[in-house]
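>>> Quick one, fold the following:
(2 chains)
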2 protein chains.
Amino acid sequence: PDRQTGEDGGPGTGTEDESSEFGQLASVPHGPRLGIGMDSCVIPLRHGGLSLIQTTDFFYPLVEDPYMMGRIACANVLSDLYAMGITECDNMLMLLSVSQKMNDKEREQVMPLMMKGFRDAAEEGGTSVTGGQTVINPWIIIGGVATVVCQPSDFIMPDGAIPGDVLVLTKPLGTQVAVNAHQWLDNPEKWNKIKLVISKDEVEHAYQEAMLNMATLNRTAAALMHKFNAHAATDITGFGIIGHARNLAKQQRNDVAFVIHNLPIISKMAAVSKAGGNLFGLLQGTSSETSGGLLICLPREQAARFCAEMKEGTAGDGQQAWIIGIVEKGTRCARIIDKPRIIEVPYRGAVAATQEGNSHGASPPEAQAALA
Amino acid sequence: PDRQTGEDGGPGTGTEDESSEFGQLASVPHGPRLGIGMDSCVIPLRHGGLSLIQTTDFFYPLVEDPYMMGRIACANVLSDLYAMGITECDNMLMLLSVSQKMNDKEREQVMPLMMKGFRDAAEEGGTSVTGGQTVINPWIIIGGVATVVCQPSDFIMPDGAIPGDVLVLTKPLGTQVAVNAHQWLDNPEKWNKIKLVISKDEVEHAYQEAMLNMATLNRTAAALMHKFNAHAATDITGFGIIGHARNLAKQQRNDVAFVIHNLPIISKMAAVSKAGGNLFGLLQGTSSETSGGLLICLPREQAARFCAEMKEGTAGDGQQAWIIGIVEKGTRCARIIDKPRIIEVPYRGAVAATQEGNSHGASPPEAQAALA
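Predicted coordinates:
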C-alpha cells in the first residue's frame, strides 16, 4: 500500500500556541496545563486535584507484519504518556481504517492480526481497548487514543531542565532508514546506491531490529524517570531527534540549550544514510522515527544509574539507554555538534529476537505479503 | 471528493462483546462499566468514585461547506456523550487529514474553515480542542475524541428502560436522503428519478435543514434527560434509527421491546426516498443519519414536558422533539410498525436559518466549491 508517515503535533496548528489562551479563563481549575505543542495534553479537572492527560496518534503501516504493525502503533500512542513519566493508562481507544483496495481474504488475514498486535501491546502496558472507530479508506490507518486521570505526583511536566543536566536517549535512531532500506531490496536502482555498504542479510537484520525497537514500550523508562528525578522528557517520532529536542527546549522554564554529542544508531544505518546521499538527514537528526525512544533530561549524577537500571529492566526486558548530550545555559534551543560520535548499536539478531520477541508473535508470511 | 460514511461501533469488533471480559478482573475499581458496543465507553477510575467516559468518531465530508462540516463533525463526536446525559466535556482532541488531492490554495481555503467550525462547536459545548493528530490522506478526514471525568450522578447508563416508557426523538430523520438528493441536482439521470416529487428549491432547503440539524448539539436534550428522569438513550447515526434502537434494546436490563409508531422526517424526504425506489430504506429506519438526534426512553408522564422544554430551549435555541413510540415487555428487540405515521418536519427556511444560524457562520462559495 501507499506509505505516508504521520506527524506529531496539533491538527495543523503548528505555529499557534494555545497555551496562552488559557491564562484568560478565570473559572479554570488550578494545576499545570499543557496544550497543543507537546506530546500529551494535560487538563486540570474539577475533581480533587486530578488531571486528565491524553494523546492521540494514527498513521499508516510502515512494516509488512500486521501483528507487529499493531504493536508498533500502540507503543507509539502510549509513548506520549510515557514521555511524561506516566506508567499507567486508564483507557485506550483504537482508530482503524480498512483499505478499500484489499480483497476479503486480505482483510481477514491482515486486520485481525493488526488489532491483536495493538491489543497485546495495550495489555503489556496494563490497559485495554474499550472502543474506537473503524472506517473504509484508500489506505490502511492504525492508531489510538490513550487517556489517564492522575495525581500531580504521577506525571512530570516537560519543562524543568536545568544547566548541568545530561540528555539520555532510550532507543537507537535509524528506524526510517532501516524500513526504507528494506523496501529497497526489491528496487534495483535504489539498492545499487547502498549495496556497497551493506549486505542483504544485514538489511534484514536492521529491519528486524528496527521493528523490535518500535514495538517496545517506553514504560520502563517512564518508571525510572521518577526514580532518578528526571526534569523533562519527550519521545522521538516524526520530526527526528533534533526536531523533538528543539520542541522540548522551547518548553523549558529555564534558559537552557540542549547539545547532542552522540548519536546511537542501529548498526550500519549511518553508512546507508551516507551512501544514499545523506538519506533523510539521519546524521543531522532530522530523519523521522516511529515509536522512538524517550529523550530525557536527567540530573548528571543520576544518568549512569538510570542507564544501568534500564539495562536490567523491570521484567527481564532490558533495554539499552545512552547518555547523548548535555544541557547548557542557552536560549531554549537544541543542536547536534559538528561530527557527533556515532554509536553503532548492534542487531540483537534472530536468537535475541525470538527470546525477547516471544510474546511479540509474528504474522504468517501470507499476511505479511498483503501489507507489502 | 470521494464520500464514505463512517460507522459507529468498535474497531471491527461488531459481534464481540468485550464487557464480559471485565468480570474476570479482580482488581478493577467498582462502578458501572461499558465497553465496545454502545456510544461511549465508561471506565471506573481509581479516584473517589469517578468515571472516565470517552468516545471517538471520524469520517469524511458529506456537505460542501467546510465550516459547517467542522461543526457537524464536532457535534457528532459530542453526541455520544450527550446520549449518556452528560452535558460537560473536559477535553476534545481533533483528528484530521488533509487530502493529497487538494492544491495549496484549496487547502488554505478549506482546512482552516473546517477547523474553525469544529472549534466553534466545541466552544458551544463548553469545551476546547487541546490537541490531536493531522495526516495526509487521499481523502479528507475530520473527527475527534471527547472525554469527560465525572461523578455517577452526571451520567445515565443506557440500560434502564421499562415497559410503559415512551420513546422520544430529538431531531428529524432523513439527513442522508437530503445530502444525496442535493448531490443529484448535478446528476441528470438521478435527478430524473425524483424530480416529480420535489423541486430544486425544495432540495436546497431540505439540504440546508439537514445541515442545520446535523450541526446542532444534543446538549439541551442531555440536560433534560436528567430533569425528566430518562431511563436510557442513544444517538442516531450510521446504522439508522432502527439499527440504533435495536442496539439500545440489547443493552437493557429489563425484558423490553421498542416499538416505533411515528417517523419524523425532514419534509419531502419520505417522498424522495419512495421515488428513488425506497432510497436507503428511510421508511424502514435503515437510512444512515449523521449527527442525528437522541432516541430517549422516558417515563410516559414526563415525555410531553420533555418535548415542551426542548422547544423552549435553554438559550433561545429551541429544537423540536417527538414522541415516536413505546417500550413494551419483550425480548430486547426493536421494530417499526407497519405503515408508521410520517411526520413531515417543515424547513425552517432561509430566514430562520439566518437567525438561528448566526453563530454558525458560513463558508464563502469558493471554499465550498473545493469540497464539492
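>>> For A:Leu93, which three-state class applies?
Using DSSP: H, G, I helix; E, B strand; the rest coil, the structure places A:Leu93 in strand.
>>> which ones are touching it?
A:129-133, A:144-145, A:147, B:41, B:54, B:56, B:145 (CB atoms under 8 Å, 6 or more residues apart in numbering or on different chains). All C-beta spots, glycine's among them, are computed from the backbone N, C-alpha and C.
>>> Present the residues you listed as TSV; the columns should include secondary structure, neighbour count and distance to B:Asp65.
Output for these, formatted as TSV (DSSP: H, G, I helix; E, B strand; the rest coil; neighbours: other CB atoms under 10 Å in any protein chain shown; distance: CB to CB, whole Å):
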residue	secondary structure	neighbour count	distance to B:Asp65
A:Val129	strand	25	35
A:Thr130	strand	27	34
A:Gly131	strand	29	30
A:Gly132	strand	26	28
A:Gln133	strand	25	23
A:Gly144	strand	29	31
A:Val145	strand	29	28
A:Thr147	strand	27	32
B:Cys41	strand	28	32
B:Gln54	strand	29	28
B:Thr56	strand	25	24
B:Val145	strand	29	24
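>>> Present those as a markdown table; the columns should include pLDDT and distance to B:Pro299.
Below are the contacts of A:Leu93 laid out as a markdown table (pLDDT from 0 to 100; distance: CB to CB, whole Å):
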| residue | pLDDT | distance to B:Pro299 |
| --- | --- | --- |
| A:Val129 | 95 | 36 |
| A:Thr130 | 92 | 30 |
| A:Gly131 | 90 | 29 |
| A:Gly132 | 91 | 34 |
| A:Gln133 | 89 | 33 |
| A:Gly144 | 96 | 39 |
| A:Val145 | 96 | 36 |
| A:Thr147 | 97 | 34 |
| B:Cys41 | 91 | 27 |
| B:Gln54 | 95 | 29 |
| B:Thr56 | 94 | 32 |
| B:Val145 | 96 | 33 |
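>>> with the residues you listed in mind, which one is nearest to B:Met102?
Set against B:Met102, the nearest of the contacts of A:Leu93 by CB to CB is A:Gln133 (23.2 Å).
>>> Just give the nearest non-adjacent residue to the closest one, would you?
B:Thr56 (5.1 Å; CB to CB, 6 or more residues apart in numbering or on different chains).
>>> roughly how far apart are the residue in the stretch 201-350 of chain A positioned nearest to chain B and A:Pro112?
Scanning the stretch 201-350 of chain A for the residue nearest chain B gives A:Gly238, at 9.9 Å (criterion: CB to the nearest CB). Taking CB to CB, to the nearest Å as the measure, A:Gly238 falls 28 Å from A:Pro112.
>>> Between these two, tell me which one has more neighbours.
Comparing A:Gly238 with A:Pro112 by other CB atoms under 10 Å in any protein chain shown, the one with more neighbours is A:Gly238, at 20 against 16.
>>> what helix or strand is that one on?
Counting by DSSP states H and E, there is no helix or strand that carries A:Gly238.
>>> wait, doesn't it sit right on A:Thr286?
No. A:Gly238 lies out of contact with A:Thr286 (CB atoms under 8 Å); the separation is 10.4 Å.
>>> just the helices in chain A please.
A:19-22, A:66-82, A:104-124, A:175-184, A:188-194, A:200-215, A:219-227, A:240-250, A:269-275, A:300-312, A:349-356, A:365-371 (DSSP state H).
>>> Go through the ones you listed and pick out the most buried.
Comparing the helices of chain A by mean neighbour count (mean count of other CB atoms under 10 Å in any protein chain shown), helix A:66-82 comes out on top with a mean of 29.
>>> what is the orientation angle of it with helix A:104-124?
40 degrees (axes from the mean of the first three to the mean of the last three CA atoms, to 10 degrees).
>>> can you dump the C-alpha coordinates of helix A:66-82 into CSV?
Taking C-alpha atoms only, helix A:66-82 is exported to CSV below (Å, rounded to 0.1, in the frame of the first residue of the first chain):
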residue,chain,number,x,y,z
PRO,A,66,0.4,-6.7,10.5
TYR,A,67,0.8,-8.1,14.0
MET,A,68,4.0,-6.1,14.6
MET,A,69,2.4,-3.0,13.0
GLY,A,70,-0.4,-3.2,15.6
ARG,A,71,2.1,-3.4,18.4
ILE,A,72,4.1,-0.5,17.0
ALA,A,73,1.0,1.7,16.6
CYS,A,74,0.0,1.0,20.2
ALA,A,75,3.5,1.6,21.5
ASN,A,76,3.7,4.8,19.6
VAL,A,77,0.4,6.1,21.2
LEU,A,78,1.4,5.1,24.7
SER,A,79,4.8,6.7,24.3
ASP,A,80,3.4,10.2,24.6
LEU,A,81,2.2,9.3,28.1
TYR,A,82,5.5,7.6,29.0
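>>> Please state the offset of it from the chain centre?
Relative to the chain's own centre, helix A:66-82 is displaced by 8 Å; criterion: CA atoms, centre = their mean, to the nearest Å.
>>> other SSEs contacting that helix?
When contacts are defined as 3 or more CB pairs under 8 Å, 6 or more residues apart in numbering or on different chains; DSSP states H and E, helix A:66-82 sits against strand A:51-59, strand A:91-99, helix A:104-124, strand A:141-150, helix A:200-215, helix A:219-227, strand A:232-235, helix A:365-371.
>>> what comes into contact with stretch A:152-165?
Taking CB under 8 Å, 6+ apart as the rule, stretch A:152-165 contacts A:31-32, A:34, A:38-39, A:42, A:49, A:51, A:53, A:83-88, A:148, A:225-226, A:230-234, A:248-249, A:251-254, A:256, A:258, A:297-300, A:326-329.
>>> Of those, just the buried ones, PyMOL syntax please.
Typed into PyMOL, the line below selects the buried ones among the contacts of stretch A:152-165, using 16 or more other CB atoms under 10 Å in any protein chain shown:
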select buried, chain A and resi 34+38+39+42+51+53+83+84+85+86+87+148+225+230+231+232+233+234+248+249+251+252+254+256+258+297+298+299+326+327
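>>> who touches the residue nearest to the spatial centre of chain A in this structure?
Nearest to the geometric centre of chain A sits A:Ser291, at 2.5 Å (CA atoms, centre = their mean). Shown in contact with A:Ser291 (CB under 8 Å, 6+ apart): A:72, A:75-76, A:79, A:175, A:213-216, A:237.
>>> For those residues, could you give me TSV that also reports pLDDT?
Formatted as TSV, those follow (pLDDT from 0 to 100):
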residue	pLDDT
A:Ile72	98
A:Ala75	98
A:Asn76	97
A:Ser79	97
A:Thr175	97
A:Asn213	96
A:Met214	97
A:Ala215	97
A:Thr216	96
A:Thr237	94
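>>> Spell out which residues belonging to the stretch 51-200 of chain A are near chain B, please.
Within the stretch 51-200 of chain A, the positions adjacent to chain B are A:52, A:54-60, A:90-91, A:93-96, A:98, A:111-112, A:115, A:128-139, A:141, A:143, A:145, A:147, A:149, A:151 by CB under 8 Å from any CB of the partner chain.
>>> If we use 6 Å, what do you get?
A:52, A:56-58, A:90-91, A:93-94, A:96, A:111, A:130-136, A:138, A:145, A:147, A:149 (CB under 6 Å from any CB of the partner chain).
>>> any idea which strand is longest in chain A?
strand A:333-345 (DSSP state E).
>>> What would it look like as PDB? C-alpha coordinates only.
Only the C-alpha atoms of strand A:333-345 are listed here, as PDB (Å, rounded to 0.1, in the frame of the first residue of the first chain):
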ATOM      1  CA  CYS A 333      17.300  25.800  21.500                       C
ATOM      2  CA  ALA A 334      18.900  22.500  20.600                       C
ATOM      3  CA  ARG A 335      21.800  21.400  18.300                       C
ATOM      4  CA  ILE A 336      24.000  18.500  17.400                       C
ATOM      5  CA  ILE A 337      27.700  19.200  17.500                       C
ATOM      6  CA  ASP A 338      29.800  19.000  14.300                       C
ATOM      7  CA  LYS A 339      31.000  15.500  13.900                       C
ATOM      8  CA  PRO A 340      28.900  13.800  16.600                       C
ATOM      9  CA  ARG A 341      30.100  10.400  17.700                       C
ATOM     10  CA  ILE A 342      28.100   7.700  16.000                       C
ATOM     11  CA  ILE A 343      27.400   4.800  18.400                       C
ATOM     12  CA  GLU A 344      26.800   1.700  16.200                       C
ATOM     13  CA  VAL A 345      24.100  -0.300  18.000                       C
END
